[in-house]
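S.K.: next come a sequence and a model predicted from it.
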Amino acid sequence: MKKRFYLSVSVALLLGTVLVFSSCSDNADTPIGEEEKPDLSVYDMNRPVGFGKEVTGSNNQNPVLVTTEAELRNAVSGTEPATVYIQGHISLSTRIMVGSNKTILGISGASVKNANRDENAGIFLLVGSNNVIIRNLTLLGPGAYDIDANDGDNISLTNATNVWVDHCDIQDGIDGNFDIVSGSDNICCSWTRFRYLIEPKAGGSGENDKHCNSNLIGNSNNSADVDEGHLNCTFINCWWGSGCIERCPRVRFGKVHVVNCLYDGTDYNYCIGYGVYSNIYVEKCAFTTEEAQKNALRDWHGDKDFNVKITGCVGLEDTELHQGDRTQFVPTYDYLSYDANKVATILTDASTGAGATLNIQYK
C-alpha cells in the first residue's frame, strides 16, 4: 500500500502541490481558522510561499523509510521523485548530495548529524538540484570552525532552484547553517530555527575564531554573471537566536523578504547584512534584545547599489536605505503576516512554533 505522511491528522497535506488555503491575501492579519489546521499555528500556511511557491518536491510519490546513512544517501540521489522519511538519528561520514524532485521529511524527533570539523563537514548539498522539500528535521553540525569549507553548511545550495525548507532546527554548521549561492533561486525558508550551541573552534585558515555565521546569500561580490536576477528568497517565521553572530542573513544580489522573524540572541555582531546589489524587505520582525536592536544592520555594499526597507518591526524604526536607481523590492505574492508584537510568542511556542515541531508520521 502506498505510504503517506500525516501531520497528526490527514488534512490535505499536499507538500505544496496546491494552494491549500487560497483565501489568504497579501499581508493578511487574520489567522486561518484553527479548525482547518489543529496541529499547526493558526498562522502557518503549511505550504511554500513567496519565491518558493512553485515547489512541489516529490508530489508524495515513491515513499521510503530510512534509518541509516546508506539508506538516506541512496534515497535522495538522482532525479526520480522520492518521498524520504527519516526515522531516529542518523550520523554521517560526509555530506550527502541531494538530487531533484525530493521531499525529505523527519518523523517526529528525527535528526541528522555530521560531526566532522574538516573537509568532510556538511549535511545536505544541493548542486544544480531543482524542486526539493526538507521538513521537520534537526540538523546538527560540529560547531563553527572557519576553514573555508564552502560546502560544509548543514544545507548548502549551489545553483539549486525551487527549494522549500520548513520547520527545521538547524544548528552549529561548521561554515554556515544554510547558505544559498551560485545562482540558486526561488527559495522559501519557513518556521525554521537557527542557532549555535557548540563553542566555536578558533585557529581556522579563514581566521574568524567565532564563525557562527548562519545564512549567506551570494558568496562573491564579483559574480554578477551568475547571480544577477537570482538568489531570490523568502524567510518567513524564522528564528535566529542563541549563538548566532552574523549573517541572519547576509545578502548579495538577490531580492530577499524577511517577514515575521525573531531576533532574540545576545551575541550578534550584526543581524542582517546588505551587500552589493542586495534588495531586502524586512517586515513585521521582532528584534527583542538590546544586541539585536543595536546591531540589526551591517553595510557591506561598498560602492555598489542596494536597497533595504524596514517596516512594522518591534525594536527598530521604519527605515529605508538605498544607493543607485534600482527600485525597492516590495513583495506582491500571496503570504500571511501578523503584527510584530506577536512574533516572539508565536515562534517560541514549543508545540507549534519555529523548529522541528511537526508531528509527522509514516503510515
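M.R.: Happy to help now that I have it. Residues are numbered from 1 along each chain as shown.
S.K.: pretty sure residue 250 contacts residue 297?
M.R.: No. Residue 250 lies out of contact with residue 297 (CB atoms under 8 Å); the separation is 10.6 Å. C-beta coordinates here come from the backbone N, C-alpha and C atoms, glycine included.
S.K.: common neighbours of those two, please.
M.R.: 272, 273 (CB atoms under 8 Å, 6 or more residues apart in numbering).
S.K.: higher neighbour count, those two?
M.R.: residue 250 (25 against 17; other CB atoms under 10 Å).
S.K.: just give the number of residues close to the nearest residue to the more buried one once chain neighbours are set aside.
M.R.: Using CB to CB, 6 or more residues apart in numbering and skipping the chain neighbours, the partner closest in space to residue 250 is residue 273 (3.4 Å). When neighbours are defined as other CB under 10 Å, residue 273 has 25 of them.
S.K.: partner strands of the helix or strand where residue 273 lies and their direction?
M.R.: Here residue 273, judged by DSSP states H and E, is contained in strand 272-274. Strand 272-274 has the following sheet partners, assigned by DSSP bridges: strand 250-251 (parallel), strand 297-299 (parallel).
S.K.: please work out the average pLDDT along that strand.
M.R.: Mean pLDDT, strand 272-274: 98.
S.K.: contact partners of the helix or strand just after that strand?
M.R.: Sequence order places strand 279-283 as the next helix or strand after strand 272-274, per DSSP H and E. Applying CB under 8 Å, 6+ apart, the external contacts of strand 279-283 come out as 251, 254-260, 272, 274, 306-313, 326, 328-331, 337.
S.K.: show me the longest helix that occurs in the chain.
M.R.: Counting by DSSP state H, the longest helix found in the chain is helix 69-75.
S.K.: same for that helix, what does it pack against?
M.R.: Applying 3 or more CB pairs under 8 Å, 6 or more residues apart in numbering; DSSP states H and E, we find helix 69-75 packed against strand 63-66, strand 82-86, strand 89-91, strand 96-97.
S.K.: just name the most buried of those strands.
M.R.: Stretch with highest mean neighbour count among the helices and strands packed on helix 69-75: strand 82-86 (a mean of 24; mean count of other CB atoms under 10 Å).
S.K.: which other helices and strands does it contact?
M.R.: Counting contacts by 3+ CB pairs under 8 Å, 6+ apart, strand 82-86 packs against strand 63-66, helix 69-75, strand 102-106.
S.K.: got these as CSV, with distance to residue 93 and mean pLDDT columns?
M.R.: Formatted as CSV, these follow (distance: least, CB to CB, whole Å; pLDDT from 0 to 100):
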stretch, distance to residue 93, mean pLDDT
strand 63-66, 15, 98
helix 69-75, 7, 98
strand 102-106, 18, 98
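S.K.: between these, which one is nearest to residue 349?
M.R.: The closest approach between residue 349 and any of the helices and strands packed on strand 82-86, judged by CB to CB, belongs to strand 102-106 at 18.5 Å.
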